[in-house]
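Student: Whatever this is, show me its structure:
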Amino acid sequence: QVQLVESGGGLVQAGDSLRLSCAASGRTFSTYLMGWFRQVPGKEREFVAAIRWSAGSTWYAASVKGRFTIARDNAKNTVYLQMNSLKPEDTAVYYCAASQGGSVYYFGSYDRWGQGTPVTVSS
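Tutor: Here you go, the predicted model:
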């Protein structure tokens, strides 16, 4: 089993930056894809970004492209989400997730999830 632990969330002002981390442990060799999703109360979990462990290929939601960057450190089994130029609409709980295959953008493709880390962006 893969275990995921996120960190790095917090309260920032619009225009600020934050870096989220997701440390993976356990049977990480079975993980094909790592993703970040976010969710606000009353709404569905939303795709933010994803990265393929081996090749480093990346995908982004249109709403964050150009502002967020996903990266991985294979030696540390850690995935990062660098968030720049944050906006109030980026406020959400951010979740790290692991997938063994399937659609990059669909939360149902991910079978392991972290506990989430809250990000609040004030205007």
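
Student: any idea how far the residue sitting nearest the centre point of the chain lies from N74?
Tutor: Taking C-alpha atoms, centre = their mean, the centroid of the chain lies closest to W36, which sits 2.1 Å from it. Distance, W36 to N74, using C-beta to C-beta, to the nearest Å: 17 Å. Placement of C-beta: from N, CA and C, glycine included.

Student: so V5 makes contact with Q115?
Tutor: Yes. Here V5 reaches Q115: they are 7.2 Å apart, a contact under C-beta atoms under 8 Å.

Student: Which one of the two is surrounded by more residues?
Tutor: Ranked by neighbour count (other C-beta atoms under 10 Å), V5 and Q115 place V5 first, with 14 against 10.

Student: what residues are up against that one?
Tutor: The contact partners of V5, by C-beta atoms under 8 Å, 6 or more residues apart in numbering, come to C22, A23, S25, G114, Q115.

Student: Surely it forms part of a strand?
Tutor: Yes. Assigned with DSSP: H, G, I helix; E, B strand; the rest coil, V5 falls within a strand.

Student: Look up the residues forming beta bridges with the residue lying closest to A92 once chain neighbours are set aside.
Tutor: Leaving aside its sequence neighbours, A92 sits nearest to R38 (C-beta to C-beta, 6 or more residues apart in numbering; 3.7 Å). Note on R38: beta-bridge partners E46, Y94, judged by DSSP bridges.

Student: and R38, how many neighbours?
Tutor: R38 has 24 nearby residues by other C-beta under 10 Å.

Student: again with S25
Tutor: By the criterion of other C-beta under 10 Å, S25 has 11 neighbours.

Student: Report whether the expected contact of it with V2 is present.
Tutor: Yes. S25 lies in contact with V2 (C-beta under 8 Å); the separation is 7.3 Å.

Student: per-residue pLDDT, the spatially closest residue to Y106 that is not a sequence neighbour?
Tutor: Of all residues beyond its chain neighbours, the one nearest Y106 is F47 (7.7 Å), with distances taken as C-beta to C-beta, 6+ apart. F47 carries a pLDDT value of 98.
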